[in-house]
Each structure stands twice: as structure tokens, then as C-alpha cells.
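Student: With the sequence up front, the predicted model follows.
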Amino acid sequence: MSRSPDHAQAAQRAADVLARTLYGEARGESVRGKEAVAAVVMNRVRRARAAGGTYWWGGTVEDVCRRPWQFSCWNAGDPNRAKVEAVAPDNRVFQTCQRIARRALAGTLADPTDGATHYHAKSANPPWARGKAPSAEIGGHLFYADIE
């Protein structure tokens, strides 16, 4: 069964937005750290689908990644935003992010976060994480699977 050009373009856009999100959020992390951020995005998409197609953070990879105040690299005024938008295809770290994004979208990426839908840098202490136990600690981030 062949996919329509619209479906192929949507898949390509989703892969690009996810790769740019990984680059913006985790470019200094190991491959496992980048995979963990990709897993958070995919866990959010899965939760949205289980809820009937959407959730407060959106229902598609693009919606989840670009939802205001969810992944800071997309926030207006964030210093990472310009880097995320301008990264060149020949950037080796971005190429790694693209490979991880394609695996995540294909459903072949293992989830090292144990179902996390949220994460933060170890140096941060967001109110939503207080009193919660992380489901994983990977690189410079703590991941949480029990956040609504």
C-alpha cells in the first residue's frame, strides 16, 4: 500500500520537527539522552491517541513539540529557537537527531524513560515535579511518568 504525497509530506514534517526538538532540547546529551526526549514526545502522542485523538498538549508530533511552554527550544525568545530553526542538514549532531526521530516515528525506538511524558534538567525544580518520583534519570535530565 503506497502512501499519498500528503501523508508522506506530513511524515517528513513530523520527523523534521521532532529532530529539531531533539537538537534544541538534548543536543549536548548522549544518544540515549536524545532517545529519551524522543520517547517523551511519542509517549505524549500515544496518550493523546488513547484519550480519543488529542490531549491538552496536542495529538500529533508537531503539536506536541510546538505546544507553547512545553519544549523550551520552541518558545519565542528562547536562545535555542534560532539554533533549532537554522541548524544545517550537514550538522552531525542534527543528523543523529534525524535518525532518532525517524526511528521514533517508525515505532522502533525503545523507551528508556518507562513511559515518561515529562522531564526537566536536573538543575531545575519545576512545581509540577515536586513530590513526584522520576521514572528515569538519563544524562542531565529527570523523567516522569506520573504527571497528568
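Tutor: Noted; the coordinates are in hand.
Student: can we go C-alpha only for contacts and neighbour counts from here?
Tutor: Noted.
Student: which residues in this protein form strands?
Tutor: Listed in chain order, the strands found in the chain under DSSP state E are 118-121, 136-138, 141-144.
Student: Can you add mean neighbour count and give these back as CSV?
Tutor: Compiled in CSV, the strands of the chain are given as follows (neighbours: other Cα atoms under 10 Å):
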stretch, mean neighbour count
strand 118-121, 20
strand 136-138, 18
strand 141-144, 22
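Student: got CSV for the ones you listed, with mean pLDDT too?
Tutor: Converted to CSV, these look like this (pLDDT from 0 to 100):
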stretch, mean pLDDT
strand 118-121, 94
strand 136-138, 96
strand 141-144, 96
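Student: can you tell which of the ones you listed is closest to Val64?
Tutor: With Cα to Cα, the closest approach to Val64 among the strands of the chain belongs to strand 118-121: 11.5 Å.
Student: what bits of this protein have low per-residue confidence?
Tutor: Filtered on pLDDT under 70, the chain yields the residue ranges 1-5, 53, 56.
Student: at 50 instead, please
Tutor: Scanning the chain for pLDDT under 50 picks out the ranges 1.
Student: Let me have the strands of the chain in CSV, adding distance to Val40 as columns.
Tutor: Compiled in CSV, the strands of the chain are given as follows (distance: least, Cα to Cα, whole Å):
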stretch, distance to Val40
strand 118-121, 6
strand 136-138, 11
strand 141-144, 8
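Student: which ones are touching Trp69?
Tutor: For Trp69, the residues meeting the contact criterion (Cα atoms under 8 Å, 6 or more residues apart in numbering) are Asn75.
Student: do you know which of the strands of the chain lies nearest Ala8?
Tutor: Evaluated over these, closeness to Ala8 peaks at strand 118-121, with 28.5 Å, by Cα to Cα.
Student: What helices and strands are in contact with the closest one?
Tutor: Counting contacts by 3 or more Cα pairs under 8 Å, 6 or more residues apart in numbering; DSSP states H and E, the secondary-structure elements packed against strand 118-121 are helix 31-50, strand 141-144.
Student: Dump those into TSV; add distance to Ala10 as well.
Tutor: Putting the helices and strands packed on strand 118-121 into TSV (distance: least, Cα to Cα, whole Å) gives the following:
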stretch	distance to Ala10
helix 31-50	15
strand 141-144	28
